[in-house]
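In: just the structure for this:
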Amino acid sequence: MEHRNQNGYIEEVWGASESDPTLLWDAFYTIDSSTASDLAVTLVKLKDNTTAIKHSSDMTGQGSEYSHNLFFTLHDKAITLSDEFYYALNNNIEEDNLFYGVNGDTVDQQTYEKAFDTYTGEEQPIIKSSIGTKEFAMDLSNPISSLENVINTLTTDMGDFANGKEATMTPELEQAITDYSYFGNIDKRDALTYESMIAYVILQKIVESDASGEYGSGYTEQTVKNAVKEYFNVDLDPNSLDLPSEFDLENWNWMYYKDGIFQLAASNFYEDVVIRNIKKVVQVSDDLLFAKVNDLNFDNMNHSFNTNLDFDYKLYINKPIEQWPDHAQPYLKRELPTYLLK
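Out: Alright, predicted model coming up:
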């Protein structure tokens, strides 16, 4: 990541995989470079359903026009430059005032347009540029809503797998889907999410208290490790979690680890209340179900601390977020859509 230690603009493209994320491509632009000031970035859906990254710089003024376009595509798990196009027109001279270029070669207009046409497709602007201004093309005022729209679009593109015949909702099926409401942010590749795994096995009473604790219930290290291994296939090392060992009112934490014992401070408000909203359940095959859920979280603990109100949230679980009282609104958060296979 040495390219991040420079003073300028950084562009990166990352790829997802079963292991760690992979940096597919990066570029650096100095702050005062014309490339940085003029550059616009667009994603183009090509005719073969692949996507190209389009870099474009366009200038017009004093009888001249200039256009420079670069297209980057994915090849062999890396983003590389596929084609580069130049176009220039100078009306201030009478002869040879028009120039077309493809990949460094001067070409005629027909050859230029034919090559450029291969990159014609639906465009999604990322960064817009004009004289003296540069801005993101996406509306970033509500990023969760924007991500939700992307995820919903991806769901539509999943075809029959996610959009086939809906399964009959039974109390047993609804309960089975609801049972997974409190998994939280969990990724076995990321040690920062291991605390969520411990929270799940303890707070969902998968393990019972088997030790005394100074501040509340106690759970032996081996009991917790066994449950985390069984449910998440993670070999837990408690010493790597950086959990506090002593109760500190100024820096309160819901869990402590000391002398091989996980301890929970006494409280009934450890977790957000997860209100499960099942959007659809599709019968993919005789023994496979696909479910899409869009949960709502209510921060019951901070609501109680900050408002000092005796509020029964259960009366509002089946009501739209807009119908919750004003004092509860700041403590409600809509999560991104989640998918389950059962």
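In: who's in contact with residue 281?
Out: Residue 281 makes contacts with 166, 167, 169, 173, 177, 289, 290, 291, 292, as judged by C-beta atoms under 8 Å, 6 or more residues apart in numbering. Using the backbone N, CA and C atoms, a C-beta is placed for each residue, glycine as well.
In: same question for residue 120.
Out: Remark: with contacts taken as C-beta under 8 Å, 6+ apart, residue 120 is in contact with 44, 47.
In: tell me what the helix or strand where residue 339 lies is packed against?
Out: Assigning secondary structure by DSSP states H and E places residue 339 in strand 338-341. If contacts are counted by 3 or more C-beta pairs under 8 Å, 6 or more residues apart in numbering; DSSP states H and E, strand 338-341 sits against strand 288-293.
In: partner strands of the strand it packs on, with direction?
Out: If you go by DSSP bridges, strand 288-293 pairs up with strand 278-285 (antiparallel), strand 338-341 (antiparallel).
In: avg pLDDT for that strand?
Out: For strand 288-293, mean pLDDT is 80.
In: find the nearest non-adjacent residue to residue 97, please.
Out: Leaving aside its chain neighbours, residue 97 sits nearest to residue 90 (4.6 Å; criterion: C-beta to C-beta, 6 or more residues apart in numbering).
In: now swap in residue 313 and tell me
Out: residue 298 (5.5 Å).
In: wait, the one you found touches residue 275, no?
Out: Yes. The pair residue 298 and residue 275 qualifies as a contact (C-beta atoms under 8 Å) at a distance of 6.6 Å.
In: domains of this structure?
Out: Domain assignment for the chain, taken from automatic domain parsing, gives 2-136, 142-172+271-342, 183-268.
In: what pairs with residue 87 across the strands?
Out: In this entry, residue 87 is beta-bridged to residue 67, residue 100, by DSSP bridges.
In: ok, now how distant is it from residue 72?
Out: The gap separating residue 87 from residue 72 is 19 Å, by C-beta to C-beta, to the nearest Å.
In: now swap in residue 241 and tell me
Out: 40 Å.
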